[in-house]
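Peer 1: I need the structure of the sequence given here:
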Amino acid sequence: STIADYFDQLKTFTMLDMASQITCPTLLLESAGDPVGGGGPALLDAISSTTKELISPPASSGLAGHCGGLGQKVWERIVFDWLDTILTPAAATG
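Peer 2: Below is the predicted model:
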């Protein structure tokens, strides 16, 4: 009935029981102040991929709140830089 109730309910959903099936390279990005964040370390541990990373930039980076809030340019830079490290070796051999 309230947004706080909604966020509390969201926290009951988890991917942990299926995370071991994730075998592809995986980036987890957690923003400071995300009301439904904080589960990144447990999810990272449960993922079976050998190429996985959790990045948690400080709020001072401009990235804060759910999905980075208004810091989308910071979010994109982190994601695209990570993708460059993952995709560049494949492109060089392919």
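Peer 1: Just name whatever secondary elements the longest helix along the chain is in contact with.
Peer 2: Using DSSP state H, we find that the single longest helix of the chain is helix 72-93. Counting contacts by 3 or more C-beta pairs under 8 Å, 6 or more residues apart in numbering; DSSP states H and E, helix 72-93 is packed against strand 26-29, strand 52-55. Backbone N, C-alpha and C define where each C-beta goes, glycine included.
Peer 1: Name the strands paired with the last one and say parallel or antiparallel.
Peer 2: Each strand pairing with strand 52-55, determined using DSSP bridges, is listed with its direction: strand 26-29 (parallel).
Peer 1: circling back: just name the most buried of the helices and strands packed on helix 72-93.
Peer 2: Among the helices and strands packed on helix 72-93, ranked by average contacts under mean count of other C-beta atoms under 10 Å, first place goes to strand 26-29 (a mean of 17).
Peer 1: What lies in contact with the helix or strand following that strand?
Peer 2: Elements were assigned by DSSP states H and E; along the chain past strand 26-29, the next helix or strand is helix 40-46. Here helix 40-46 makes contact (C-beta atoms under 8 Å, 6 or more residues apart in numbering) with 15-16, 19-20, 28, 30, 52-54, 56.
Peer 1: Dump helix 40-46 to CSV, keeping only the CA atoms.
Peer 2: Extracted in CSV, the C-alpha atoms of helix 40-46 (Å, rounded to 0.1, in the frame of the first residue of the first chain):
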residue,chain,number,x,y,z
GLY,A,40,25.6,-8.3,-4.6
PRO,A,41,28.2,-10.2,-2.6
ALA,A,42,26.0,-13.2,-2.0
LEU,A,43,24.9,-13.3,-5.6
LEU,A,44,28.5,-13.0,-6.8
ASP,A,45,29.5,-16.0,-4.6
ALA,A,46,26.6,-18.1,-6.0
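Peer 1: Buried residues in it, which are they?
Peer 2: 43-44, 46 (16 or more other C-beta atoms under 10 Å).
Peer 1: Could you report the distance from D84 to D8?
Peer 2: Separation of D84 from D8 (C-beta to C-beta, to the nearest Å): 37 Å.
Peer 1: Sweet, I'm off.
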